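> Next comes the sequence, and after it the predicted model I'd like to discuss.
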Amino acid sequence: MRIDIVTLLPELIRSPFEASILKRAIEKGIVEVHMHDLRKYGLNAYNQVDDYQYGGGAGMVMMIEPLDKLIHELKAQRDYDEVIYMTPDGETLNQGMANHLSLKENIMIICGHYKGIDERARMLFVTKEISIGDYVLSGGELGAAVLCDSLIRLIPGVISDETSALTDSFQDGLLAPPVYTRPADYKGMKVPEILLSGNTKAIDQWREDQAYQRTQQRRPDLLNED
Ligand code: ADE
């Protein structure tokens, strides 16, 4: 998979790709992530990328021309399965979307700033609009990092234990069950007996029950989805 990120602040989004699982995925050649500094495509001597909004009001709007130049250049080199715009009024990211996007070949992600990008850029270039939650960030970069992390870890070969991503919360529509590691007794707090029993069938059943109970207690809304 190849991900192209269009941003005014490349330095804000670089570090998640320089550590841990995402770094390894890049080193293994499973995914390529490229940052594109939109400022380089700015207009005039000031490399202008934003302007006041028509109709008045506080906040700047990202202009269409710099985006057009950069996106045009990228699209001339390859076809994109999705051109994603990170925005609080997009569809809220969930595990299903991450699963779906993890199967794509080429993805472009546009990070907005200020009041966002000119509506015509959304109409012309964007195929999918994603929010990471009902709150406003100062820019789309942190949202893009969250999106990339959620989908890259699902690509086969990225997580060494293939089954690990499959047993995550949400992957089967339920939250994950509780987990324990050594010591078996910590200051009198014991690990549930069944997990020490070696009876894999009973353990699987226990985990399933716990996952269901946890979901019912914490996120009953998930049980009512289709
Ligand atoms: N940009 C600003 N706020 C955002 C959000 N909640 N999700 C995605 N991109 C954003």
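Right, received. Where do you want to start?
> mind checking how far the residue lying farthest from the centre of the chain is from L195?
Relative to the centre of the chain, and counting by C-alpha atoms, centre = their mean, the farthest-placed residue is G188 at 39.6 Å. Using C-beta to C-beta, to the nearest Å, G188 is found at 17 Å from L195. Just so you know, the C-beta spots here come from the backbone N, C-alpha and C atoms, and that holds for glycine as well.
> I'd like to know which elements the helix or strand in which A25 is found is packed against.
Of the helices and strands defined by DSSP states H and E, A25 is found in helix 20-27. The contact analysis (3 or more C-beta pairs under 8 Å, 6 or more residues apart in numbering; DSSP states H and E) places helix 20-27 against strand 32-37, helix 141-152.
> And stretch 158-168, end to end?
14 Å (C-alpha to C-alpha, to the nearest Å).
> I meant stretch 153-167, not that one.
Stretch 153-167 end-to-end distance (C-alpha to C-alpha) = 13 Å.
> and for that stretch, what are the contacting residues?
1, 21-22, 24-25, 28, 30-31, 98-99, 102, 152, 171, 176 (C-beta atoms under 8 Å, 6 or more residues apart in numbering).
> Of those, which is the most crowded?
I152 (25 neighbours; other C-beta atoms under 10 Å).
> ok, it - contacts?
M1, I21, L22, A25, I30, V31, S102, V158.
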